[in-house]
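The following comprises the amino acid sequence and a computationally predicted model.
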Amino acid sequence: MPQLEVDGAALTYDDAGPRDGDGVPLVFVHGWTADRHRWDHQMAHFSEQRRVVRLDLRGHGESTGAGVRTVDALAADVLALLDHLKIERFVIVGHSMGGMIAQTIALSHPERVERMVLVNSIAKMAFSRGRALLMSASTLAPFKLFVAANIQRAFAPGHPREEIREYIRASADTPRDVVMTLYGAMRAFDVLDRVAEIRTPTLMVHGYHDIQLPVSQMLRMARAYPDAVIRIVDAGHELPVEKPAELTTALDRFLTDHG
């Protein structure tokens, strides 16, 4: 797989699909402790029609690099890759922390974002005092227990246990420094008072059973968006792997309906 050196990290990425295909390129950004393969279903579907890019964020998957303390720094990595690939305008799709990165880019470079899709993501991570205290206290747990608890509760009830265990193992392989530093970056993330500035047509797809980032918080954010379409799916927080076909269909419809 190709890699790009960016500020001490080697970012592994995929760049597939026709350069002269339908519409601007699609850019997929995964979430915390995940990797670019969260988007396998979408990659296979959309790369037949248009250019599609996905990456492993620094310290995740097959990318190297230490953790960073802000979501802005992760957004800078994504933009560095797109600049390297000479992609000026794009549709960005972000899951969870990836959606925070997408919102950061839409706010800082609105001229580059044609459409945005937020999957199980919100504009303020510590959305209440109780939530902030819970997030702070959870970091005191042993590392493997901390990761396992977060991944376990990310799936809707009834999801196959062996599959969940595989995702827990994969997440625990992410370097501890990366996991904990980025957890702090997410805890500090807050653009809720700025989302009304985002004029980019936006699709918000959320799992009904998401207890990590509840639907109520997504709806609180959505009210401030000038141009948002909302889809609620029977899934938990890991919608890209719980209901990949439904996500692809929602994304396909959004892109078709909005030109």
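Sure, I can see it.

Is Asp83 in a helix, a strand, or coil?
helix (DSSP: H, G, I helix; E, B strand; the rest coil).

who's in contact with it?
For Asp83, no contacting residues are found, by C-beta atoms under 8 Å, 6 or more residues apart in numbering. Placement of C-beta: from N, CA and C, glycine included.

secondary structure element for Arg187?
Element membership for Arg187 (DSSP states H and E) is helix 176-188.

For that helix, output the C-alpha coordinates as PDB.
Output in PDB follows, covering the C-alpha atoms of helix 176-188 (Å, rounded to 0.1, in the frame of the first residue of the first chain):
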ATOM      1  CA  ARG A 176      -1.400   3.000  24.000                       C
ATOM      2  CA  ASP A 177       0.000   6.500  23.500                       C
ATOM      3  CA  VAL A 178      -2.100   7.000  20.400                       C
ATOM      4  CA  VAL A 179      -5.300   5.700  22.000                       C
ATOM      5  CA  MET A 180      -5.000   7.800  25.100                       C
ATOM      6  CA  THR A 181      -3.700  11.000  23.500                       C
ATOM      7  CA  LEU A 182      -6.500  10.900  20.900                       C
ATOM      8  CA  TYR A 183      -9.100  10.200  23.600                       C
ATOM      9  CA  GLY A 184      -8.000  13.400  25.200                       C
ATOM     10  CA  ALA A 185      -8.300  15.200  21.800                       C
ATOM     11  CA  MET A 186     -11.900  13.900  21.500                       C
ATOM     12  CA  ARG A 187     -12.700  15.000  25.000                       C
ATOM     13  CA  ALA A 188     -11.600  18.500  24.100                       C
END
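
Run through who's touching that helix.
Residues contacting helix 176-188 (C-beta under 8 Å, 6+ apart): 32-33, 58-60, 65-71, 73-74, 97, 100, 125-126, 132, 135-136, 139, 143, 147, 171.

What segments of this structure are strands?
Counting by DSSP state E, one finds strands in the chain at the ranges 3-6, 9-16, 26-29, 52-55, 90-95, 113-119, 202-207, 228-233.
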